[in-house]
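Undergrad: A predicted structure for the sequence below; I have some questions about it.
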Amino acid sequence: MYIDVLCELSAKAIDNVFTYHVPKDLESGIKIGIRVSIPFGKMILEGFVVGINNDTTYDKSKIKDIINVLDKEPVLSDEMLILGKYLSDTLLCSKVSAYQVMLPKALKAKNGSDIKIKYNRYLRKIKSNEEIDEYIKGCKYEGQVNLLCKLKEEDILITKMSSTINTIIRHGLGEIVNIEEKRYHYSGLSNYQKVTLNNEQEQVANRIISSFDKSETFLLYGVTGSGKTEVYMHVIEEALKKGKEAIMLVPEISLTPQIVGKFISRFGDVISVLHSRLSDSERYDEYRKITEGKAKIVIGTRSAIFVPFKNLGVIIIDEEHTGSYKQENHPRYNAKSVAIWRSNYHKCPVVLGSATPSLESFARAGNKVYTLLTLTKRAGVSTLPNVKIIDMKEEAKKNNFLLSDLLKEKVKEKLILGEQIILLLNRRGYSNILTCRDCGNTLKCPNCDISFTYHKTSNNLKCHYCSLSRPLPSKCPNCGSTNIKDYGVGTEKLEEELNKLYDAKIVRMDIDTTRRKGEHEKIIDSFGNHEYDILIGTQMIAKGLDFPSVTLVGVISADSSLNIPDFRSSENTFQLLCQVSGRAGRSSIPGEVIIQTYNPNHYSIVLSKNHDYLSFYKEEMKMRKMLKYSPYYFMTLVEISSKDYELSFKEAGKISTYLKNNLDMESIILGPSMASMFKVNNIYHLEIIIKYRKDDNLKNALKYIDDIYKRNNKVSVEIDFDPLKI
Ligand code: ADP
Ligand code: ZN
Ligand code: ZN
């Protein structure tokens, strides 16, 4: 028996299929879709079996034997094998990279390293609390006392050994233990009660249920708080009753613990939760729950769209407008397209839900490609909040650069009433630009040519693109002056300012405060329990949270997303403002929203005031039509990058000429131009944008370019169909 084995050889992701011979004793275990180990030069590789033959046309004396069979059952199902081919055709990615992205690490064809369960070191007490107290009485060292007090309560995570820890061990009070990294522990919500759907919800749910057994894509457009989650759960419950399975995608799990909690309360342990912060072993455990048929519902982020359910009943994609459903690196798949592909394969509906659908999805609903379903009002007792727009140009005259008079006033009012407040500022750190007053020099990252952000807690300068950290210099590196001034405000500075103004308990949520696993949940839980009065955060606080006692939401600067040079910046601003104001007044107390901006007349800001999605859609579509952007035109981005400055321009020029000569006359080719992040991590980035309505030559032309540059070590070319950022 001879088999074709697909393996991943280099980072350039080329499909390599090699023929191997199978020794007689291994033949019975060979199936399409399992993994085998093979000799390759001096190495041992793993690969997927993609073909089985009785004979071969190659020189048999040169064909080697496989070493071993690694799986009893295929890790790649028939469906996954076909889906991989589809992804490879449409995204110009290799099949092997498509297969790898569908599998948890434990089941990838990996070369070399084995997955290890991650262990953490803890200090654990081996004496009783009384004995420890006895020791503390005679101990002079504060560090030891501190640690011992904590140790009485719980095991202490050790990142670095210290003399204090060693002393504690030497005195026989504690020992070091290795514990497998803690799982995320999800629990149900104690106060969750299944509701009876209202009329609108019931109609919507019944329409979806009537399409079970059909491939149909629904766009569920429902204002924030209209009860979309309840509709999802109802539909999933019906699918389960029919013996089917369901996938529910959310933008980011750690930001939506409340949704997961509701699902667990209602469905119990037939749920499997998959997301990027799981350790490899945790992910494998969750995955096995699915392959063993124990899980019927998967809630997860983007890659959960690939879970190997065999009898899918419905796929739901919540907050469908979010960028996180598109993978930004190779293979650049979009979970929405994969969902629609799987809906065709399984004959089941897909539901895309949002309060602010992406323009592409709403346009498709308008063209009847998707079926539009609408929820027009909030489901519970609450009403949409009252929104006020503040012109910061006027406030600046009064020296209010950060907080307007009205926002200051309202925060005070809510604190007195004992209500909660959320403040959004879409920039982390303390301040974002440091400039020398004497010579005008701006402190920039040497790798990226982008301004450093100052982080006051650590007194560090950080580059948010390559994560380089440097201590804040005491003098200007250019002229030696000490007169360095900071501009721009980040969340850290906002927190400091608020602490000066109010006697309130404040918690900040941004990347810097949520690096450790479980940190998001902790902040969300404690804010939910009203341990804090004010929650400050970047856009990660805008989504999905449901806190009944939040009655005021403030947006410190709506301009930070509006000023991003991207054709979607108005859409993103409108979405962000609607999402974040949807956090206010989710109970019987009405909510208030204050939006501060230097562009009070911009339509994305004005129309967000009344959550007027339909007017925004019309307005924005006019712009897109005029400027020939998506959804009127398809777009493809060709990114050229190299460490060599001259070479990047030279090759980009060649590619652009080739495209001009080979694409349809009607297609528009822009560039090459410098990418908005031109130099990142010492690599130069150029881009070519192709806009087209229909171009039969496009695929072949791009495939030709892709093939050439796969073999080029100095210049790399990435092709991104329907890119999210331009
Ligand atoms: P969305 O996902 O559309 O923002 P949710 O599903 O989170 O909305 O619902 C918002 C609030 O309304 C929740 O507190 C939910 O429990 C409540 N709710 C939803 N449907 C109903 C209903 N039919 N009757 C009463 N309350 C409801
Ligand atoms: Zn200077
Ligand atoms: Zn950098």
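TA: In hand now; what should we look at? Ligands and ions are numbered 1, 2, ... in the order given.
Undergrad: Look up how far Asp559 lies from Tyr430.
TA: 19 Å (Cβ to Cβ, to the nearest Å). Yep, even glycine has a C-beta here, placed from its N, CA and C like the rest.
Undergrad: Compare these two (neighbour count), which wins?
TA: Remark: of Tyr430 and Asp559, Tyr430 carries more neighbours, 24 against 18, as counted by other Cβ atoms under 10 Å.
Undergrad: Strand partners (parallel or antiparallel) of the longest strand along the chain?
TA: In the chain, with assignment by DSSP state E, the single longest strand is strand 668-680. Partners of strand 668-680 in the sheet, by DSSP bridges, are strand 683-692 (antiparallel).
Undergrad: can you tell me the residue of the stretch 101-250 of the chain closest to ligand 2?
TA: Closest contact between the stretch 101-250 of the chain and ligand 2, by Cβ to the ion, is at Lys160 (37.8 Å).
Undergrad: So for the longest strand of the chain, what gets flagged as buried?
TA: Across strand 668-680, burial judged by 16 or more other Cβ atoms under 10 Å covers 669, 671-672, 675, 678-680.
Undergrad: Now flag whichever of those residues is closest to Asn178.
TA: Val680 (38.3 Å; Cβ to Cβ).
Undergrad: Show the pLDDT at the closest one.
TA: Note on Val680: pLDDT of 86.
Undergrad: interface residues of the stretch 351-500 of the chain facing ligand 2?
TA: Selection of the stretch 351-500 of the chain residues close to ligand 2 by Cβ under 5 Å from the ion yields 436, 438-439, 441, 476, 478-479, 481.
Undergrad: okay, those residues in JSON lines with neighbour count and secondary structure next?
TA: JSON lines is the format used below for these (neighbours: other Cβ atoms under 10 Å; DSSP: H, G, I helix; E, B strand; the rest coil):
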{"residue": "Cys436", "neighbour count": "20", "secondary structure": "strand"}
{"residue": "Asp438", "neighbour count": "14", "secondary structure": "coil"}
{"residue": "Cys439", "neighbour count": "12", "secondary structure": "coil"}
{"residue": "Asn441", "neighbour count": "16", "secondary structure": "coil"}
{"residue": "Cys476", "neighbour count": "20", "secondary structure": "coil"}
{"residue": "Asn478", "neighbour count": "13", "secondary structure": "coil"}
{"residue": "Cys479", "neighbour count": "12", "secondary structure": "coil"}
{"residue": "Ser481", "neighbour count": "13", "secondary structure": "coil"}
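Undergrad: quick check, nearest of those to Leu552?
TA: The closest of these, once distances to Leu552 are taken by Cβ to Cβ, is Cys436, at 38.8 Å.
Undergrad: give me the beta-bridge partners of the closest one?
TA: Those that pair with Cys436 in a beta bridge, by DSSP bridges, are Ile484.
Undergrad: Would you give the sheet partners of the helix or strand of the chain with the lowest mean pLDDT, along with the direction of each?
TA: Using mean pLDDT, DSSP states H and E, strand 469-471 stands out as the lowest-scoring helix or strand of the chain, at a mean of 76. When pairing is defined by DSSP bridges, strand 469-471 lines up against strand 460-462 (antiparallel).
Undergrad: Show me how far the strand it pairs with is from its chain's centre.
TA: Strand 460-462 has its average C-alpha position 24 Å from the chain's average C-alpha position, going by Cα atoms, centre = their mean, to the nearest Å.
Undergrad: again, but for stretch 386-402
TA: 32 Å.
Undergrad: now the end-to-end length of that stretch.
TA: End-to-end distance of stretch 386-402 (Cα to Cα, to the nearest Å): 22 Å.
Undergrad: Could I get the average pLDDT for that stretch?
TA: So the average pLDDT for stretch 386-402 ends up being 91.
Undergrad: residues in contact with that stretch?
TA: If you take Cβ atoms under 8 Å, 6 or more residues apart in numbering as the criterion, stretch 386-402 is touched by 404-407, 489, 493-494, 497, 556-557, 581, 590-598, 600, 605-606, 608-610.
Undergrad: Strands - which of those land there?
TA: Per DSSP E, the contacts of stretch 386-402 map to strands at 592-597.
Undergrad: neighbour-wise, which of those residues leads?
TA: Busiest of the ones in strands among the contacts of stretch 386-402 [other Cβ under 10 Å] is Val593, holding 27 neighbours.
Undergrad: could you check the distance from that one over to Arg342?
TA: Val593 is 38 Å from Arg342, by Cβ to Cβ.
Undergrad: what's the answer for Lys160, then?
TA: Distance, Lys160 to Arg342, using Cβ to Cβ: 46 Å.
Undergrad: so what's Asp664 up against?
TA: 692, 694-698.
Undergrad: go on, Leu698?
TA: 636, 663-664, 667, 690, 692.
Undergrad: Can you get me a residue count around Val195?
TA: Count around Val195 with other Cβ under 10 Å applied: 13.
Undergrad: check contacts around it.
TA: Contacts of Val195 (Cβ under 8 Å, 6+ apart): 227, 230, 379.
Undergrad: Does the first one touch Glu202 like I think?
TA: So that's Gly227. No. Here Gly227 lies out of contact with Glu202, judged by Cβ atoms under 8 Å, at a distance of 10.5 Å.
Undergrad: and those two? which has more neighbours close in?
TA: Gly227 (22 against 13).
Undergrad: Look at the residue lying closest to that one once chain neighbours are set aside and give its secondary structure.
TA: Excluding the flanking residues, the one nearest Gly227 by Cβ to Cβ, 6 or more residues apart in numbering is Ala379, at 3.2 Å. What DSSP: H, G, I helix; E, B strand; the rest coil gives for Ala379 is coil.
Undergrad: Run a quick neighbour tally on Ala379.
TA: Ala379: 20 surrounding residues under other Cβ under 10 Å.
Undergrad: mind listing what it touches?
TA: Contacts of Ala379 (Cβ under 8 Å, 6+ apart): 195, 198, 201, 225-227, 230.
Undergrad: same thing but 10 Å
TA: 195, 197-198, 200-201, 222-223, 225-231 (Cβ atoms under 10 Å, 6 or more residues apart in numbering).
Undergrad: Also Tyr99?
TA: 6, 8, 15, 33, 48, 50, 75-76, 80-81, 83-85, 87-88, 107-109, 306, 331.
Undergrad: Could you check which helix or strand contains it?
TA: Of the helices and strands defined by DSSP states H and E, Tyr99 is found in helix 95-102.
Undergrad: Check which element follows that helix along the chain.
TA: Next along the chain after helix 95-102, taking DSSP H and E as the criterion, comes strand 119-125.
Undergrad: tell me the mean pLDDT for that following strand?
TA: 82.
Undergrad: Render the CA-only coordinates of it in PDB, please.
TA: What follows is strand 119-125, C-alpha atoms only, in PDB (Å, rounded to 0.1, in the frame of the first residue of the first chain):
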ATOM      1  CA  TYR A 119       2.300  23.600  35.000                       C
ATOM      2  CA  ASN A 120       2.600  26.500  37.400                       C
ATOM      3  CA  ARG A 121       4.700  26.600  40.600                       C
ATOM      4  CA  TYR A 122       2.900  27.400  43.800                       C
ATOM      5  CA  LEU A 123       4.000  27.900  47.400                       C
ATOM      6  CA  ARG A 124       1.700  25.800  49.600                       C
ATOM      7  CA  LYS A 125       1.700  25.600  53.400                       C
END
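Undergrad: Go through it and flag the buried ones.
TA: 121-123, 125.
Undergrad: So for the helix or strand following that strand, what gets flagged as buried?
TA: Downstream of strand 119-125, the first helix or strand assigned by DSSP H and E is helix 129-137. Residues of helix 129-137 classed as buried under the neighbour-count rule (16+ other Cβ under 10 Å) are 132, 135.
Undergrad: Now do the same contact list for Ala652.
TA: 638-642, 671-674, 684-688, 715, 717.
Undergrad: Check the secondary structure at Ser615 for me.
TA: Under three-state DSSP, Ser615 comes out as helix.
Undergrad: Was I right to think it contacts Val606?
TA: Yes. Ser615 sits in contact with Val606 when judged by Cβ atoms under 10 Å, with a separation of 9.2 Å.
Undergrad: Next one, pLDDT for the residue of the stretch 601-726 of the chain found nearest ligand 1 please.
TA: Proximity of the stretch 601-726 of the chain to ligand 1 (Cβ to the nearest ligand atom) peaks at His611, 12.0 Å away. Per-residue confidence (pLDDT) for His611: 88.
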